[in-house]
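Undergrad: Okay, sequence plus prediction incoming.
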Amino acid sequence: MANKLYVGNLSYDTESSSLEQLFAQYGKVTSVNIITDRMTGRARGFAFVEMESSDAAKAAISALNGVELDGRQLRVNEAQDKERSSRPRSNDRY
């Protein structure tokens, strides 16, 4: 199992420090990355948390999936590798 976790259904007000504190109960957190919109800088409602060990990641998934944080029920699972699309983006020029 990978040590990188997807955390979905976050409140837009959730801060990385509160996520780190929450996940640290289950093992050492190596990074927290709340994803933001490029244009507005506003949080997009999900994040990635990386744990030091796969055991810590499993424990965090078991304990935190469905737990409420900042008024929202978290969705926590193993992060999937993103496959990049080969189609051009709308702002690419030929």
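TA: It's in.
Undergrad: Centre of the chain to the longest helix belonging to the chain, how far?
TA: Ranked by number of residues, the top helix in the chain under DSSP state H is helix 54-64. Offset of helix 54-64 from its chain centre (CA atoms, centre = their mean, to the nearest Å): 13 Å.
Undergrad: Tell me the buried residues in it?
TA: By 16 or more other CB atoms under 10 Å, the buried positions in helix 54-64 come out as 56-61, 64. Yep, even glycine has a C-beta here, placed from its N, CA and C like the rest.
Undergrad: Would you mind writing the CA trace of that helix as CSV?
TA: Output of helix 54-64 as CSV, limited to C-alpha atoms (Å, rounded to 0.1, in the frame of the first residue of the first chain):
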residue,chain,number,x,y,z
SER,A,54,2.0,2.2,5.1
ASP,A,55,0.8,0.9,8.5
ALA,A,56,0.1,4.5,9.6
ALA,A,57,-1.7,5.1,6.3
LYS,A,58,-3.9,2.1,6.8
ALA,A,59,-4.7,3.1,10.4
ALA,A,60,-5.6,6.6,9.2
ILE,A,61,-7.9,5.3,6.5
SER,A,62,-9.7,3.0,8.9
ALA,A,63,-10.1,5.6,11.6
LEU,A,64,-10.8,8.8,9.7
